[in-house]
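[1] pasting a predicted model and its sequence here:
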Amino acid sequence: MRHYLDHAATSWPKAPGVLEAVNAYQQTCGAPAGRSSYRTANEVDALIRQTRLALSHQVDASSPSDIAFCSNGTQALNAAIFGIALRAYEQSEPCHIVTTVTEHNSVLRPLALARKRGWLTWDAVPCDEVGFVSPDAVEAAIKPDTRWLIVNHASNVTGTVQPIDTWADLAQMFGIHLMVDAAQSLGYLPVSMRTQRIDLLAAPCHKGLGSMLGCAFLAASPRVQRILATYCIGGTGSDSDAIEGNFGWLESTESGNLNVPAIVSLHASLQCEQKVAPKQFEAWSERILRTASECQHLRLVGRPTNAFQDRLPVFSFAPRSEQSNPPQAGICQEWALMLEGMRGIECRAGFHCAGLIHDFLGTSPFGGTVRLSLGHTTSDADVDAACEGLLLLDSSL
């Protein structure tokens, strides 16, 4: 039996009604967004507006016009970071950014490229052995030319949640901006741009929000929209006779045809009431953590707590260091194959596109971790299989 436990990568299966909505669009409509004025095209534009409104409510943005749709989380984060970097470069203003070693490569690599091009400077604040970043260390990293704090709300490796409210306090104290990568947290934890004082919020929609692949967004507060430079421009569906102009951040970010089928799937998913309650996730997490504590050869990487406000249901494992000498590079990939072979568990092994955190978790010598992650369509049977698989794996080592 197949047990899908890779929800940190993408959710599966999709909630009832999601694929049906996409199929209905493809069979009965198929029109693009923002390109024509015939009836079905107008219907698509109306659905895009409805989805933008629903998503703005989901993240408590000040207006639906604060939401720009993207094709994936990487594009959304690149739009944000290069929008910041290019504006600083164009105006010859110093721009230092403070981020963390827990970030996804979709943050780290654009920052590295922008620094290489001389557009900005940045520092990554270390985390502890469970992936938590001390706010005191963040404050100590802030310099006179720091303009932005960028933080991964919840790690895709450890599930550890960072205290966004504290980061917002720091940003307000120093008069700088806050950007949040909510790739793992959105759809699981409450996220409020206004209450948490978030200036830029980026996330894919195919994980906790349950859309198909190919849908993400960047949300920008009104006060920062004017300081984001145009980093990409092409077909916008408006002013098509002009090849130069002051293109706004929204039309720049949404330049080109939107992935309407994926946005249709998001609209359907946001209407779905089938969501797992935090208490259920906590109960499942408690079972997996208890099982992990019984293992002799597997080490849990991350906080040993099931409290939902502190960690999401993302569980990474690596060998106990003292029992793997010398370290076996790639052993976690072998474990993933064994879990699938023994119990049909589909999970992910490796560095999880997070290039800096593993040196701080002690998992680099093993090729990263093997990761099991739960989602809104996880079942009790999946959790049973996870616990059985971990014990069988441990006994085989």
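    Right, received. Where do you want to start?
[2] distance-wise, check residue 144 relative to residue 114.
    According to C-beta to C-beta, to the nearest Å, residue 144 and residue 114 sit 19 Å apart. To be clear about C-beta, it is placed using only N, CA and C from the backbone, and glycine gets the same treatment.
[3] if you count surrounding residues, which of the two has more?
    More crowded of residue 144 and residue 114, by other C-beta atoms under 10 Å: residue 114, with 23 against 7.
[4] shouldn't the more buried one be within a strand?
    No - going by DSSP: H, G, I helix; E, B strand; the rest coil, the assignment for residue 114 is helix, not a strand.
[5] need the contact partners of stretch 35-50.
    Contact with stretch 35-50 is made by 29-34, 64, 69, 237, 257-258, 260, 263-264, 267, as judged by C-beta atoms under 8 Å, 6 or more residues apart in numbering.
[6] ditto for stretch 275-289
    187-188, 300, 304-308, 311-313, 315, 372, 374-376, 378, 383, 386-387, 390.
[7] thinking again about what came up before, restricted to strands, list the contacts of stretch 35-50.
    Among the contacts of stretch 35-50, the members found in strands (DSSP state E) are residue 69.
[8] buried subset of the contacts of stretch 35-50 as a ChimeraX selection?
    To isolate the buried ones among the contacts of stretch 35-50 in ChimeraX, judged by 16 or more other C-beta atoms under 10 Å, type:
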select :31,33,34,64,69,237,258,260,263,264,267
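[9] need the contact list for the residue lying closest to residue 259 once chain neighbours are set aside.
    Once flanking residues are discounted, residue 259 sits nearest to residue 214: 4.4 Å by C-beta to C-beta, 6 or more residues apart in numbering. By C-beta under 8 Å, 6+ apart, the contact set of residue 214 is 71-72, 206, 259, 261-262.
[10] closest one of the residues you listed to residue 177?
    Distance to residue 177, by C-beta to C-beta, is smallest for residue 72 among the contacts of residue 214, at 23.2 Å.
[11] wait, doesn't that closest one sit right on residue 202?
    No - using C-beta atoms under 8 Å as the test, residue 72 is too far from residue 202 to be in contact (10.3 Å).
[12] buried set for the longest helix anywhere in the chain?
    Determined from DSSP state H, the single longest helix within the chain is helix 39-59. By 16+ other C-beta under 10 Å, the buried positions in helix 39-59 come out as 41, 44-45, 47-48, 51-56, 58-59.
[13] quick one on the thing from earlier: who has more neighbours, residue 72 and residue 202?
    Per other C-beta under 10 Å, whichever of residue 72 and residue 202 has more neighbours is residue 202, with 29 against 19.
[14] okay, and that one sits in which element?
    strand 200-204 (DSSP states H and E).
[15] what about that strand, distance to the chain center?
    Strand 200-204 sits 7 Å away from the centroid of its parent chain (C-alpha atoms, centre = their mean, to the nearest Å).
[16] now the angle from it to helix 39-59?
    Strand 200-204 and helix 39-59 are oriented at 120 degrees to each other (axes from the mean of the first three to the mean of the last three C-alpha atoms, to 10 degrees).
[17] next, the angle strand 200-204 makes with the next helix or strand after strand 200-204.
    Counting by DSSP H and E, the next helix or strand C-terminal to strand 200-204 is strand 216-220. Computed by the same axes, to 10 degrees, the angle separating strand 216-220 from strand 200-204 equals 170 degrees.
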